[in-house]
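>>> Provided below for reference: sequence and predicted model.
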Amino acid sequence: MRVILIVFTLLFGGCATIKPTVAEYGLTIKETQANTTASGCKEKSLKVEQAFSSNSLMSLNMDYTEHNNRVFSYSESQWQESPNTLVTSLLLRNIRDSELFASVHPSKSRVKSDVVLEINIDEFMQFFAQDMKSSFVVVRLNLTLVDTKTNSVIKSQDFSSKIDTKTLDAKGGVEAIESALFEIVSQNIEWLGGVCK
């Protein structure tokens, strides 16, 4: 009986692997303040479309780039939701809070809208210097307002932000991305206010 127990332990004891814990990160930014008296869109409804992006931004992988454009993923960190979804949700919430439009709806809403906001995520990445002693993030979005009656572009604008990280890890990258997105969302609200004058 003792021999069977030892053999059983040897056979199946080695199959157990310890999976490292994976830290999940979401994005939260400070609330932006709409410093505009624009009233041109107060009668219009806006639908925020799901962002267009590369496939890598539709996964939970948290990627970073080293010199020579080599892309890697953090093994013990990942996004809580895909960056594509996170960016779309942040823009939707902040535009809704700005009260520039009569109503703001997500892309899956059945509500017919007067205007659609299309989002293209052109860049969303943490970059490391060649010596691996510093890093920064770059976030670039293109936003386009489309009139739903005529399917014509009302206005299109590129937004970009580059922020140095405080630490050389996933957490530092996330904090820098939050700062970059705060800048972009603030600029977006100002831009929308100008379009709505």
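Yep, it's here.
>>> how much space between Y25 and A170?
7 Å (Cβ to Cβ, to the nearest Å). Every residue, glycine included, has its C-beta placed from N, CA and C.
>>> cool, and S179?
From S179 to A170 the distance is 15 Å (Cβ to Cβ).
>>> over to E43?
Distance of E43 to A170, given as Cβ to Cβ: 44 Å.
>>> and those two? Which one has more around it.
A170 (21 against 9; other Cβ atoms under 10 Å).
>>> please report phi then psi for the more buried one.
phi -60, psi -40 (degrees, to the nearest 10).
>>> try S161
According to degrees, to the nearest 10, S161 has phi -150, psi 140.
>>> likewise A51?
phi -60, psi 150.
>>> in space, what's closest to it - neighbours in sequence excluded?
Closest residue in space to A51, ignoring its immediate chain neighbours: I119 at 4.0 Å, by Cβ to Cβ, 6 or more residues apart in numbering.
>>> can you check V137 too?
Distances taken as Cβ to Cβ, 6+ apart put A176 closest to V137, at 4.2 Å, once the chain neighbours are dropped.
>>> part of a helix, is that neighbour?
Yes. A176: assigned to a helix according to DSSP: H, G, I helix; E, B strand; the rest coil.
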